[in-house]
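A.B. asks: below is the structure, and that's it, no one-letter string:
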C-alpha cells in the first residue's frame, strides 16, 4: 500500500513540473522559481519516503543470527547462522508378547522372532512354557541433517535403539543404547554404517514383530557405497544402481557344533544393487561376493578360505487401492550372516577345510487396508540349506514362519495392533521345534 502511494506522488510531481514548464513566461519568472523550489522539496520528501519504506522492508525480511528458522526438509529446523537443516525423530513402542515357549532367561528372542532360539527335540521348552514378556527396547531416536553444497546435498543420519546391553529386568530394565545407523552422504557417495546394499528396506513387510520373517535378508554394517541413477529403458521409467564395499565378518560352524568367529578377514564384502522402476512397481536385484576365511591354530585347527556369493530379487508392487505386495527371494553359498544370523557362513570339517552350504530364503507379504486407519498383513516365509556331509548335528537346516496382524492408526504417527506369529526350526539331525506367539504393540512416533 505504501509503495502505491509513493508511485502516485511521484507521478503527480512529474505532471506538475511538466505543466509549469509549458506555462512559464518572463513575467512569471519569480513565481516559477518559487514553485520549482517547492517541487524540489517535494521530490526530496518522496525520496525520503522511498528510503524509509526500503529500510522497513529490509527489517521485516532480515532474520537475526540467533533465531531458529524452518529448514528445507519436512519437519526440520535450521541451526542459527547456518544453512544446515536438522530433523529430530523416532518413536516409543511397547511390545507385550505371549510365547508358547521361552527362549531363555534375559534372551532377546522372547521379544522378537529369532528362529535359532526355538528349542528343538523331544524336551523342547520343558519348564519354559507359556511365558509373558513386556518390553520397550525397540523404541528409537534419530537425528538427520541436510546441508546444500556445490557437490550436492550433504546428509547425515545417526540412529539408536535400546537393544544394546541387557538391563536388569528385576529392578530398572536399564537397557543399553545401541547404534543402528551412523552414515553420511555427499552427492552419490555414502560412508558409514547403515543397511547392507544386499537388501532394500523398502521391500520389508509391515509387521509388529521386530524380528520379521525368517527368510528375509537383513544386516546393517559399516560400508562405503556409490549410487548412480539411470534413465528410462525397456524395463520402465529408469532407476538406480549402487556398488558397495562392506565390513567382512566370518562365523563358521566347527566340529562339535560350536560357532567360531574367525576375526581374520582380509577382503571386504562386495555388494551390488539395481533398482528398476517398472510399470508394475519397484523391483530390486542384489548381488553379493565375499571371502569366507579361517586362520586358527586351535579349536579349530584350520587355515582355509573360500570365495562365495549370493543373489537376491525383491519387490514392492502396488495393488488395489492402498494395498501392496512385497517379496524377497535369495539363493547362494555365502548368504550366511546376511540371513539375520540363521545360516553359518561356512562349515569347517574335521580335515580343517571350509565347506560352503547351498542356502536359500524367501518371504511373500500382502498388506490390505480395510480403510485408511485400519490395515492387515499376511507374511509367509521360509529358509533352508543343504549342509555338507559331516556337518555337526546341531547345524541349522530349515525354518519357516507366518505372521498375520491387524493394525489401527487412530491418529497420524500412531499404531495399535495385534499379531499372531508361528515359526519352526529344524537342525541337521532332524530334531524339530515350533513356536506360537501372540503380540500386542503400541507405537507412538514423533
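C.D. replies: Yep, that arrived. Bear in mind that the values here come from a model prediction, so they are computed numbers and not experimental data.

A.B. asks: please make it C-alpha for all contacts and neighbour counts, starting now.
C.D. replies: OK.

A.B. asks: all strands in the stretch 201-350 of the chain, in order from the N-terminus.
C.D. replies: 220-230, 239-246, 251-253, 259-261, 269-277, 282-296, 302-318, 324-332, 346-348 (DSSP state E, counting those that start in this stretch).

A.B. asks: mind giving me the packing neighbours of the second one?
C.D. replies: In terms of contacts (3 or more CA pairs under 8 Å, 6 or more residues apart in numbering; DSSP states H and E), strand 239-246 is packed against strand 220-230, strand 269-277.

A.B. asks: comparing those, which comes out most buried?
C.D. replies: Highest mean neighbour count of the helices and strands packed on strand 239-246: strand 269-277, a mean of 21 (counted as mean count of other CA atoms under 10 Å).

A.B. asks: list the neighbouring strands of that strand plus their orientation.
C.D. replies: Strand pairing for strand 269-277, using DSSP bridges, gives strand 239-246 (antiparallel), strand 282-296 (antiparallel).

A.B. asks: reformat the ones you listed into TSV and put distance to residue 155 and mean neighbour count next to each item.
C.D. replies: Listed next are the strands paired with strand 269-277 as TSV, based on distance: least, CA to CA, whole Å; neighbours: other CA atoms under 10 Å:
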stretch	distance to residue 155	mean neighbour count
strand 239-246	17	20
strand 282-296	24	22
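
A.B. asks: would you list the ones you listed in TSV and tack on mean pLDDT and distance to residue 252?
C.D. replies: Output for these, formatted as TSV (pLDDT from 0 to 100; distance: least, CA to CA, whole Å):
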stretch	mean pLDDT	distance to residue 252
strand 239-246	98	19
strand 282-296	96	8
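
A.B. asks: distance to residue 227 added to the ones you listed, as a markdown table?
C.D. replies: Shown next, in a markdown table, are these (distance: least, CA to CA, whole Å):
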| stretch | distance to residue 227 |
| --- | --- |
| strand 239-246 | 4 |
| strand 282-296 | 13 |
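
A.B. asks: between those strands, which gets nearest to residue 211?
C.D. replies: For residue 211, the closest of those is strand 282-296, at 21.4 Å, according to CA to CA.

A.B. asks: can you list the buried residues in the helix or strand where residue 368 lies?
C.D. replies: Assigning secondary structure by DSSP states H and E places residue 368 in strand 358-371. Under the neighbour-count criterion of 16 or more other CA atoms under 10 Å, strand 358-371 has 358-369 buried.

A.B. asks: adjacent strands (with direction) for it?
C.D. replies: Sheet partners assigned to strand 358-371 using DSSP bridges are listed as strand 324-332 (antiparallel), strand 374-386 (antiparallel).

A.B. asks: tell me which of the ones you listed lies nearest to residue 415.
C.D. replies: strand 374-386 (9.4 Å).

A.B. asks: direction included, what does the next helix or strand after that closest one pair against?
C.D. replies: The C-terminal neighbour of strand 374-386 among helices and strands, as given by DSSP H and E, is strand 396-408. Strand 396-408 has its sheet partners listed here by DSSP bridges as strand 374-386 (antiparallel), strand 414-427 (antiparallel).

A.B. asks: rebuild these as CSV, extending it with mean pLDDT and distance to residue 118.
C.D. replies: Output for those, formatted as CSV (pLDDT from 0 to 100; distance: least, CA to CA, whole Å):
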stretch, mean pLDDT, distance to residue 118
strand 374-386, 98, 15
strand 414-427, 98, 6
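
A.B. asks: mind putting these into TSV with distance to residue 151 and mean neighbour count?
C.D. replies: Converted to TSV, those look like this (distance: least, CA to CA, whole Å; neighbours: other CA under 10 Å):
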stretch	distance to residue 151	mean neighbour count
strand 374-386	42	21
strand 414-427	37	21
